[in-house]
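Visitor: Could you look at this predicted model? Sequence included:
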Amino acid sequence: MEDPDNGNDIDVPTHFLCPISLQLMRDPVTASTGITYDRESIERWLFTFRNTTCPVTKQPLSSNADLTPNHTLCRLIQAWCTLNAFERIPTPKPPLDKAAIVKLLDDAKKSPHTRLACLQRLRSIALGGDGIRNKKCLDQVLAGVLEFLASIIKNDESTLIEVSGSSDGTELAQASDEALNILCHLNVSGSDLKRLMINDDLTGSLMRVLRSGSYQSRAYAMMILKSAYEEADPIQLMNVGPEFFGELVRVLKDQISQQASKAALKLMVELCPWGRNRIKAVEGGAVLALVELLLDMKSVSADSKRACELILMVLDQLCGSAEGRAELVAHGAGLAVVAKKVLRVSHVASDRAVRILASVSRFSVSARVLQEMLQVGAVTKLCLVLQVDSGSRTKERARDILRLHSRVWRSSPCIPPHLLSSYPTPTS
């Protein structure tokens, strides 16, 4: 093994190496099978990859397997490191148990100082600095942890706390922002978040964060809301207010982060089919924002493809209303950018784009719209759809649109001659 301090190779005693990682053990623990592993490796084996057997003996291990700290081996490793001028192995901290976290939450109620201390400790656990077992322990008292974090977010605590930074060791952050950060990184189900929204009335607090929070806290709030509304019942989905859609649109316009934008788009997909939500979204400026996002897309990465599909899915839903179609047609580049995405991104994107063009050509048609579809290449793209390997439903929609307006489009010089052979006749 290479010494990280001087780069020299050192022969490490084999019983100092973890059987899983084959690295020097920093926190040796012994499983019930009698084999000793490094705590981080065996916890990842058990809790992250959900294995149920001992990696060496293949004997069964329970998911809550007792891992006994091997203090003797740990001291031997530390002494060996000192003797060989190897990297110093610090004495491992004992893992937390449920009682310790309950006490931490109880102490948090005593004073503002202990509240902040509790928040810092929870951050250390939730963000991975304290090991997988400690995270599992946190899950056992999740209800209390969620209640504590919600109280800090609701009170909009602006007190600055010291947190671990990426460059100079530490940095300062607002307590409410850190509570959002922790809540985002916990293993919280959508149903738990839904109960938190109802019982602790957290929705209003998250809306306040979306209106006036930092970019990072707005991103956290957006992802929390998305997870919560995925479990919401129809009444809750229909009762979302217009201001909510306004904040979703603002998140999209500000392009806070890819994660926040995707969360906002997925939430719109979830909300738009219910009640008057399509109208609320249109009135909140959603169509304009979505068209601008499509215009800004330049890359063809997997992330951008998925984002494009989500944008077209939302636009398709909004164009199911007269207001949505009117907004799309009124935008100077609306029809053009939708047509451009046909056969350029994915089968899903092509299908959604053709659905949008079908909605416009059937229910919001005018002489100007028909001419614009010719000029921006929408009709040409529909002819191409009939020639390439696309979905049968997509081809059928394209054929119906072309057949519906064949009197205007079929003889147009805007259609390349080699595509006219695929143009359907009114009776075909």
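Guide: It's in. Quantities reported herein were computed from a predicted structural model and do not represent experimental measurements.
Visitor: Give me the mean pLDDT for stretch 24-34.
Guide: Along stretch 24-34, the predicted confidence averages to a pLDDT of 94.
Visitor: Buried residues in that stretch, which are they?
Guide: Burial within stretch 24-34, assessed by neighbour count using 16 or more other C-beta atoms under 10 Å, is assigned to 24-31, 33. Bear in mind the C-beta positions are built from the backbone N, C-alpha and C, glycine included.
Visitor: Kindly report the same for stretch 141-157.
Guide: Applying a neighbour-count criterion of 16+ other C-beta under 10 Å, one finds 141, 144-146, 148-154, 157 buried in stretch 141-157.
Visitor: Could you dump these into TSV and include secondary structure?
Guide: Formatted as TSV, the entries for these read as follows, by DSSP: H, G, I helix; E, B strand; the rest coil:
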residue	secondary structure
Val141	coil
Gly144	helix
Val145	helix
Leu146	helix
Phe148	helix
Leu149	helix
Ala150	helix
Ser151	helix
Ile152	helix
Ile153	helix
Lys154	helix
Glu157	coil
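Visitor: nearest to Trp409, of those residues?
Guide: The closest of the buried residues of stretch 141-157 to Trp409 turns out to be Ile153 (C-beta to C-beta; 55.4 Å).
Visitor: What are the contacting residues of the helix or strand Arg278 falls within?
Guide: With elements delineated by DSSP states H and E, Arg278 resides in helix 277-283, which encompasses its position. Around helix 277-283, the neighbours that count as contacts under C-beta atoms under 8 Å, 6 or more residues apart in numbering are 237-238, 240-242, 244-245, 248-249, 268, 271-272, 314, 317-318, 320-321, 323-324, 327.
Visitor: if we go to 10 Å?
Guide: Contacts with helix 277-283, where a contact means C-beta atoms under 10 Å, 6 or more residues apart in numbering, come from 237-246, 248-249, 268, 270-272, 276, 286-290, 314, 317-328.
Visitor: In helices, which of those appear?
Guide: Residues from the contacts of helix 277-283 lying in helices, with DSSP state H as the criterion: 237-238, 242-246, 248-249, 268, 270-271, 286-290, 314, 317-318, 322-328.
Visitor: Can you tell me which of the residues you listed are buried?
Guide: The neighbour count (16+ other C-beta under 10 Å) marks 237, 244-246, 248-249, 268, 270-271, 286-290, 314, 317-318, 324-325, 327-328 as buried among those.
Visitor: First-to-last residue distance for stretch 253-262?
Guide: 12 Å (C-alpha to C-alpha, to the nearest Å).
Visitor: Tell me the buried residues in that stretch?
Guide: The neighbour-count check on stretch 253-262 (16+ other C-beta under 10 Å) flags 256-257, 260-262 as buried.
Visitor: which residues of the chain fall in strands?
Guide: Counting by DSSP state E, one finds strands in the chain at the ranges 28-30, 36-38, 68-69, 160-164, 170-174.
Visitor: so where's the stretch 301-428 of the chain shaky on pLDDT?
Guide: Across the stretch 301-428 of the chain, residues meeting the criterion (pLDDT under 70) sit at 389-390, 427-428.
Visitor: contacting residues around Asp201?
Guide: By C-beta under 10 Å, 6+ apart, the residues touching Asp201 are 150, 154.
Visitor: residue contacts, the nearest residue to Ser350 once chain neighbours are set aside?
Guide: With C-beta to C-beta, 6 or more residues apart in numbering as the measure, Val342 is the residue that lies nearest to Ser350, at 5.0 Å, once sequence neighbours are left out. Counting by C-beta under 10 Å, 6+ apart, Val342 touches 312, 349-354, 356-357, 377-378, 380-382, 384-385, 390, 394, 398.
Visitor: how much space between Val342 and Ser359?
Guide: For Val342, the distance to Ser359 under the criterion C-beta to C-beta, to the nearest Å works out to 14 Å.
Visitor: and of the buried residues of stretch 24-34, the nearest to Ser205?
Guide: Of all the buried residues of stretch 24-34, the one sitting nearest Ser205 is Asp27; the distance, using C-beta to C-beta, is 38.7 Å.
Visitor: So which bits of stretch 60-77 are buried?
Guide: For stretch 60-77, by 16+ other C-beta under 10 Å, it's 61, 65, 67, 69-70, 73-74, 77.
Visitor: Just the ones of the residues you listed in helices?
Guide: For these, the ones inside helices are 73-74, 77, with DSSP H as the criterion.
Visitor: Just put those residues in a markdown table and tack on distance to His15 and pLDDT.
Guide: Shown next, in a markdown table, are those (distance: C-beta to C-beta, whole Å; pLDDT from 0 to 100):
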| residue | distance to His15 | pLDDT |
| --- | --- | --- |
| Leu73 | 8 | 96 |
| Cys74 | 12 | 95 |
| Ile77 | 9 | 95 |
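Visitor: Quickly name whichever of these is closest to His113.
Guide: The closest of these, once distances to His113 are taken by C-beta to C-beta, is Cys74, at 33.9 Å.
Visitor: From Tyr220, how far out is the residue nearest in space to the middle of the chain?
Guide: With the centre of the chain defined as its mean C-alpha position, the nearest residue by C-alpha atoms, centre = their mean is Gln259, 4.9 Å away. Gln259 sits at a distance of 9 Å from Tyr220 (criterion: C-beta to C-beta).
Visitor: ditto for Val249
Guide: Distance of Val249 to Tyr220, computed by C-beta to C-beta: 19 Å.
Visitor: what's the closest non-adjacent residue to Leu271?
Guide: In this structure, Leu271 finds its nearest non-sequential neighbour in Asn277, 4.9 Å apart by C-beta to C-beta, 6+ apart.
Visitor: what about that neighbour, neighbour count?
Guide: Burial of Asn277, expressed as a neighbour count using other C-beta atoms under 10 Å, amounts to 23.
Visitor: roughly how far apart are it and Gly34?
Guide: Using C-beta to C-beta, Asn277 is found at 60 Å from Gly34.
Visitor: Relative to Lys395, how far out is the residue nearest to Ser350?
Guide: 12 Å.
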